[in-house]
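Asker: quick one, structure for this:
(one chain, ligands or ions: 1)
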Amino acid sequence: MSFDFVKKLDFESEFFELYKLSESSYAAISKENSGMGGNAGFIDIEDYLIIVDTTINTKAAEDLKKAASQYTHKEPNFIVITHYHMDHLMGTSLFDISTQIMTSDRTLKNIQTEGKKRIEEFKKMDLKEMEDSLAAEKDEEKRKEIENDLKFIKTVRSDDFFLREPNLTFKEGCVIYGKNKSVQLLTFNKAHTNGDVIIFIPEEKVLFAGDLLFARSDPWLGSGDPEGWLSVIEELLTLDFKVTVPGHGKLASKEEFSLQSQYIKEIIELVKKKIDAGEDPTQIGREDFSKELQSWKSPVLEWNINFLAEFLKKS
Ligand SMILES: [Zn+2]
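Answerer: Just a heads-up that it's a prediction; the model follows:
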């Protein structure tokens, strides 16, 4: 999907491509296999500079900070964290303590529980298995993935690493008012996680969706509520926006949300059918989906099937 009003900027980063979406907003779209994790961005509403997410990689977050400074000549006033997953969160400690870190109540709680638990697990993990599989792996793409995971875990284990937690939270939403524009933060409790935050700039019709959108790839269903996610998408589609920065994947339009809904509906149906027939859901493949979804590539399909097989048995 390309947008004629979007301008690609010539900022040099090994991690992301930088785009100017509107007068105020910029998107940092992760390059494939760069190890950046989720997409990020920044919004300059004259009085305030707002950073959206801080990636999984402190070096990528460093580049994001540099880009924001270069294009806005401001220091960040706020960081908005879209949800608790590590691939959106790890760069917070790079920012000055005067930068307020905002998120939903539930996301802060998830960071303090699930997030911390994950970090402790990474600290205890025996890396030998990963190092061995890296040594044995021939496929270049898979090697890159393992290398990026190892880099991430080593960062978390280094003595100087710490995670700065959000210090400003909201229950349902919040608005940051600039002189001429406002930035709306809204949260939902049943979708990708139980505390997803979106950032919407109505005057410019721009939406930062966090992981409520994985553009044209399998959305990870296992931390949230797949059926609730469908109704959240319905709600998002009523907003007036012309471009979305997804949590993963390229810049998107409303069409990508509809495709994602279609995927969620189809995968639920497919797994249900297998369970009802007493068959093994792990036999579901790409070819069982509608044509427009068959070209998606991601190991998440397998994880989603395993997750749904358990989830649907319980519900
Ligand atoms: Zn996520």
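Asker: what does the stretch 151-300 of the chain put close to the ion?
Answerer: Where the stretch 151-300 of the chain comes near the ion, counting by C-beta under 5 Å from the ion, the residues are Asp211. From N, CA and C alone the C-beta is placed, and that goes for glycine too.
Asker: count the neighbours of Asn33 for me.
Answerer: Look at Asn33: counted by other C-beta atoms under 10 Å, it has 14 neighbours.
Asker: helix, strand, or coil at the nearest residue to it once chain neighbours are set aside?
Answerer: Spatial nearest neighbour of Asn33, chain neighbours left out: Lys144 (4.4 Å); criterion: C-beta to C-beta, 6 or more residues apart in numbering. Taking DSSP: H, G, I helix; E, B strand; the rest coil as the rule, one finds Lys144 in the helix state.
Asker: for the protein, which segments count as helices?
Answerer: With DSSP state H applied, the chain shows helices at 58-72, 105-110, 116-124, 128-136, 140-157, 226-237, 254-276, 300-314, listed in chain order.
Asker: nearest residue to whatever residue of the stretch 51-200 of the chain ends up closest to the ion other than its sequence neighbours?
Answerer: The ion sits closest to His85 of the stretch 51-200 of the chain, with a gap of 3.5 Å, by C-beta to the ion. Leaving aside its chain neighbours, His85 sits nearest to Asp211 (6.8 Å; criterion: C-beta to C-beta, 6+ apart).
Asker: isn't the one you found right up against His88?
Answerer: Yes. In terms of C-beta atoms under 8 Å, Asp211 counts as a neighbour of His88; the distance is 7.4 Å.
Asker: need the residues touching each of these two.
Answerer: Listed as contacting both Asp211 and His88 by C-beta atoms under 8 Å, 6 or more residues apart in numbering are Gly38, Thr82, Gly247.
Asker: what does the second one show for phi and psi?
Answerer: In this case it means Thr82. Thr82 has phi and psi values of phi -80, psi -30 when expressed as degrees, to the nearest 10.
Asker: domains of this structure?
Answerer: Per automatic domain parsing, the domain ranges recorded for the chain read 7-107+164-269, 114-157.
Asker: by mean pLDDT, point me to the weakest helix or strand of this structure.
Answerer: Of all the helices and strands that make up the chain, helix 140-157 has the lowest average by mean pLDDT, DSSP states H and E, namely a mean of 88.
Asker: which residues are in contact with that helix?
Answerer: Counting by C-beta under 8 Å, 6+ apart, helix 140-157 makes contact with 33-35, 37, 56-58, 86, 90, 119, 122-123, 125, 127, 130-131, 133-134, 137, 161, all of which sit outside it.
Asker: out of these, which end up buried?
Answerer: Among the contacts of helix 140-157, those that count as buried by neighbour count (16 or more other C-beta atoms under 10 Å) are Ser34, Gly35, Gly37, Ile56, Asn57, Thr58, Met86, Met90, Ile119, Phe122, Leu134.
Asker: which residue is the nearest non-sequential neighbour of the last one?
Answerer: In other words, Leu134. Ile146 (4.5 Å).
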